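Colleague: Structure here, sequence nowhere to be found:
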Ligand SMILES: [Zn+2]
């Protein structure tokens, strides 16, 4: 066992912490894989909030008052003979975020060959969700008949994206524009767009929510009475306690908050499991109602 947790392309060694978590939803196999962590300014938590209130929340979470350590997760789903990758992590698109971008390496460590992936579902086209597909050599290792499912509203949005309502650190809007444009260029022929919803495989339904981006979508899994929703960027850690805080990456923050509250209410009512991109690893919980807001109740470790 190595205690060295850095990657060596020519000398791959197992990581001390494999950063993957597997569970079952009825007949559907689900594996959550951490792409790593993004360190972002604390203001990203909620740009419509008094900075002192924001800093106090971070301190209450035993975090530094000015830095948001943002987990980044992807999911692999197997159903009906299909292997579906939901989002692809950061890749190497933004070198200032070196602790993210490990999806491909960690999929391999989990025994998931890129050539076995039949479908990719994109919750949206921000670079922390598509960047892994743009890493050198990845495209050549994917199947030529790979299908990439994304909302038509999302591909249309990135033809001429509106950043007037976001609140991002300098450099991010340009990097996001560039990455989305490159993704559309490289994968155009493999895109399978849908308007509102699409069943990717038995019990695997991608559904457009809008809000975070116009084509933002969530993935609903259902099998044998079990249910799980992968919420993408509709729900963040702070969103349980403060669903009305506007995250800096939301292109329509009011709508994003409405989507978040509606989804959290629904998941609390039907008691299904929630997984989301930026919840701390393992990002699996149930949603409880707590007065006017919500609580994230972690599930028991099942393996
Ligand atoms: Zn994201």
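Modeller: The structure has been received and is ready for your questions. Not measured: the values here are computed from a predicted model. Residues are numbered from 1 along each chain as shown.

Colleague: got a list of what residue 208 touches?
Modeller: Going by C-beta atoms under 8 Å, 6 or more residues apart in numbering, residue 208 touches 151, 153, 194-197, 215-217. Glycine gets a C-beta too; all of them are placed from N, C-alpha and C.

Colleague: Of the residues you listed, grab the buried ones for PyMOL.
Modeller: Typed into PyMOL, the next command selects the buried ones out of those (criterion: 16 or more other C-beta atoms under 10 Å):
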select buried, resi 151+153+194+215+216+217
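
Colleague: Among the contacts of residue 208, which ones are in helices?
Modeller: The helices, defined by DSSP state H, take in residue 153 from the contacts of residue 208.

Colleague: Surely residue 126 touches residue 215?
Modeller: No - using C-beta atoms under 8 Å, residue 126 makes no contact with residue 215, being 11.1 Å away.

Colleague: and the stretch 51-200 of the chain, which of its residues are near the ion?
Modeller: With the criterion set to C-beta under 5 Å from the ion, the stretch 51-200 of the chain comes near the ion through residue 128.

Colleague: which residues of the stretch 51-200 of the chain fall in strands?
Modeller: 67-79, 82-86, 119-121, 147-151, 191-194, 197-201 (DSSP state E, counting those that start in this stretch).

Colleague: now, of those strands, which is deepest in the fold?
Modeller: Highest mean neighbour count among those (mean count of other C-beta atoms under 10 Å): strand 119-121, with a mean of 24.

Colleague: Sketch out the low-pLDDT regions of the protein for me.
Modeller: Filtered on pLDDT under 70, the chain yields the residue ranges 1-12, 302-303.

Colleague: go with 50
Modeller: Applying pLDDT under 50 to the chain flags the ranges 1-5, 8.

Colleague: can you pull out the helices in it?
Modeller: Counting by DSSP H, the helices of the chain are 51-60, 103-109, 127-130, 138-141, 152-157, 172-187, 238-241, 253-270.

Colleague: ok, residues contacting the fourth one?
Modeller: Outside helix 138-141, the residues that touch it by C-beta under 8 Å, 6+ apart are 91, 104, 114-115, 132-133, 186-187.

Colleague: related to what we said a few turns ago, need the contacts of residue 208 in CSV with distance to residue 84, can you?
Modeller: Output for those, formatted as CSV (distance: C-beta to C-beta, whole Å):
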residue, distance to residue 84
151, 16
153, 21
194, 14
195, 20
196, 19
197, 15
215, 18
216, 18
217, 13
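
Colleague: ok, the contacts of residue 208 vs residue 256, which is closest?
Modeller: residue 216 (8.0 Å; C-beta to C-beta).

Colleague: close enough to count as contact, that closest one and residue 235?
Modeller: No - between residue 216 and residue 235 there is no contact under C-beta under 8 Å: 11.4 Å.

Colleague: what's the burial count for the residue of the stretch 151-300 of the chain found nearest the ion?
Modeller: For the stretch 151-300 of the chain and the ion, the shortest gap (C-beta to the ion) falls at residue 233, measuring 4.4 Å. For residue 233, the neighbour count with other C-beta atoms under 10 Å is 27.

Colleague: need the contact list for residue 32.
Modeller: By C-beta under 8 Å, 6+ apart, the neighbours of residue 32 are 20-23, 73-75, 275, 281-284.

Colleague: Now do the same contact list for the closest residue to the ion within the stretch 1-150 of the chain.
Modeller: Using C-beta to the ion, residue 128 is the residue of the stretch 1-150 of the chain that sits closest to the ion, at 4.4 Å. Counting by C-beta under 8 Å, 6+ apart, residue 128 makes contact with 35, 38, 72, 89-90, 100, 277.

Colleague: how near is the closest residue to residue 29 other than its chain neighbours to residue 221?
Modeller: Nearest residue to residue 29, sequence neighbours excluded (C-beta to C-beta, 6 or more residues apart in numbering): residue 78, at 4.1 Å. Computed as C-beta to C-beta, to the nearest Å, the residue 78 to residue 221 distance reads 11 Å.
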